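Q: A structural model of the following input is requested.
(one chain, ligands or ions: 1)
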Amino acid sequence: MLFDSHCHLDFDRFDTDREAVFERAHAAGVSRFLVPGTTRQRWPAVLDLGERDDVVVSLGLHPYFVEAHADSDLEALAEEIGRHEHLVGIGECGIDARFEDTLEQQWSLFEAQLQLAKRHRLPIIIHCVHADDQVAKRLRQLDLPARGLIHAFGGSPQQARRFLDLGYSLGLGGAVTYDRAKRLHRAVQSIPDDGFVLESDSPDMPLSGRQGQRNEPAHLMETAESVARLRGQTRESVIANAWVNTHRLFGLDADG
Ligand SMILES: [Zn+2]
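A: So this is what the prediction gives:
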């Protein structure tokens, strides 16, 4: 069974066929889903999805939408975390250095969410683009009790090693299916069996051959196959390791 450890099934791109997306995922062997919140406006839809037996949720303020966030959203986030015991983490949050103009704001939002993760002993779900070195440095200083996930990891073997040494897990998604991603492939080969989880990042990160299309969790098996091929392991062992790793990371019962 596959656990899609990162999918935005609350996004309106799924409004017309969300049930069918879940059905196709289950038919393709994907039986659990983590839906991370991205903006305060979307948290209610995320929490609604969390009512499903096959979905767990987290709440956060995503750096991509930095201009949509107000300072009061951080207070609201702290309140929501206090109110909803079933949240499995804080995020999606982090740094996207492609957007240089907002970096200062991004860091202040990220820092506040790191502090929430520390205070509530929850794992943090990190979006990290072109900022691996700075983010790793901050994580080392903070020593978060529940560690967390570097979602959609796309770095080098050295960057992978640094996050793993700090106790963080790496999320592997559609990027691994591209032949040209040689550096990432070397990183995937270097990760120990207990260091990775699988994710679709739906509706983003389409797999090789599906560029331009909406991604959905049903395609996660293809990512598992690519990871298995790269690691010289069976698909079954990759799926089993990712399943156990995702449950351990988010404090979930792997049998339940
Ligand atoms: Zn995401």
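
Q: For the stretch 151-256 of the chain, which segments count as strands?
A: Ranges of strands in the stretch 151-256 of the chain, per DSSP state E, counting those that start in this stretch, are 169-172, 196-198.

Q: okay, those in JSON lines with mean neighbour count and distance to R138 next?
A: (Glycine included, C-beta is placed from N, CA and C.) Output for these, formatted as JSON lines (neighbours: other C-beta atoms under 10 Å; distance: least, C-beta to C-beta, whole Å):
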{"stretch": "strand 169-172", "mean neighbour count": "26", "distance to R138": "17"}
{"stretch": "strand 196-198", "mean neighbour count": "27", "distance to R138": "22"}
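
Q: Take those strands and lay them out in TSV including distance to A112.
A: Output for those, formatted as TSV (distance: least, C-beta to C-beta, whole Å):
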stretch	distance to A112
strand 169-172	22
strand 196-198	25
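
Q: Let me have the ones you listed in CSV, adding distance to Q233 and mean pLDDT as columns.
A: Listed next are those as CSV, based on distance: least, C-beta to C-beta, whole Å; pLDDT from 0 to 100:
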stretch, distance to Q233, mean pLDDT
strand 169-172, 13, 98
strand 196-198, 11, 98
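
Q: quick one, which of these is nearest to I81?
A: Nearest to I81, of all those, is strand 169-172, at 20.9 Å by C-beta to C-beta.

Q: name the helices or strands packed onto the closest one?
A: strand 148-151, helix 157-165, strand 196-198 (3 or more C-beta pairs under 8 Å, 6 or more residues apart in numbering; DSSP states H and E).

Q: can you redo those as CSV with distance to R180?
A: Output for those, formatted as CSV (distance: least, C-beta to C-beta, whole Å):
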stretch, distance to R180
strand 148-151, 21
helix 157-165, 17
strand 196-198, 21
